[in-house]
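Engineer: Sequence and predicted structure, then a few things I'm wondering about:
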Amino acid sequence: MIHRAGRIEVVCGSMFSGKTEELLRRVKRARIARQTVQIVKPAVDTRFYEMRVTSHSGFGDDALSVRNARAILDCLTPETTVVAVDEAQFFDMGLMDVVERLADRGLRVIAAGLDLDFRGEPFGPIPALMARAEEVTKLHAICVQCGELASRTQRLVNGQPARYDDPVIMIGASESYEARCRQCHRVPRGEIIHEEA
């Protein structure tokens, strides 16, 4: 089944909010509609399986693992009408151009990823994707500290909040991350040292 017009859909939120599960739900519905779907993920995401996307609750599906955004164009089959991109925040900024090209060709693109990094700042190409998408769905987890809606991802190092100057990308799951609300999210900054003139 071919779409009449391409479109971009973004599913975003904190870790443990159900982004991959929602991506897989949309993929399942596309297949029920007899659409040809391909799922891609960044090669850097090695948490569960190399050639599968898997949610934290255990749902999964086969996927192609690619090194960069440009490689997505090279791996798609001609009959594909739906492209699902998981962990989109880990792709380079070229993802925006790739997704736009696919949508312009009439494909439906579903991209799922973290909208904020562990510091609470916009993450990778997700903000640009959100701005250009026809549909944006922001999901929330539950804050493990207070039970409110969580929109942030707390990184923990030895049980303590990661520092602001830690590397942005660190692959992990519940052993390294928690869902937190704005009030419970903590990112200590290093001391500011003023040099004397």
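Structural biologist: Great, that's in hand. Numbers count the residues shown, from 1 in each chain.
Engineer: okay, and the helix or strand of this protein with the least pLDDT?
Structural biologist: strand 52-54 (a mean of 69; mean pLDDT, DSSP states H and E).
Engineer: Toward the C-terminus, what is the element adjacent to it?
Structural biologist: Remark: after strand 52-54, the chain's next helix or strand is strand 60-62, criterion DSSP states H and E.
Engineer: State the mean pLDDT of that next one.
Structural biologist: Per-residue pLDDT over strand 60-62 has a mean of 76.
Engineer: Stretch 113-133 now?
Structural biologist: 96.
Engineer: Can you pull out the residues in contact with that stretch?
Structural biologist: Defining contact as Cβ atoms under 8 Å, 6 or more residues apart in numbering, one finds that stretch 113-133 is touched by 7-15, 19, 69, 85-93, 95-96, 99-100, 111, 136, 138, 151-155, 162, 164, 166, 168, 170, 177, 185, 187. C-betas here are computed from N, CA, C, even on glycine.
Engineer: Helices - which of the residues you listed land there?
Structural biologist: 19, 95-96, 99-100 (DSSP state H).
Engineer: Can you tell me which of those is nearest Ala43?
Structural biologist: Closest approach to Ala43 among these (Cβ to Cβ): Leu95, at 13.7 Å.
Engineer: Do I have it right that that closest one meets Val83?
Structural biologist: No: using Cβ atoms under 8 Å, Leu95 is not in contact with Val83, being 11.3 Å away.
Engineer: hey, what's in contact with both of these two?
Structural biologist: Ile72.
Engineer: tell me the phi and psi of Asp74?
Structural biologist: phi -70, psi -20 (degrees, to the nearest 10).
Engineer: Could you tell me the per-residue confidence at Lys28?
Structural biologist: pLDDT recorded at Lys28 is 95.
Engineer: Tell me how many other residues crowd it.
Structural biologist: Per other Cβ atoms under 10 Å, the neighbour tally for Lys28 reads 13.
Engineer: which residues does it contact?
Structural biologist: Contacts of Lys28 (Cβ under 8 Å, 6+ apart): none.
Engineer: Does it lie in a helix or a strand, and which?
Structural biologist: Element membership of Lys28, judged by DSSP H and E, is helix 19-32.
Engineer: Alright, that wraps it up for me.
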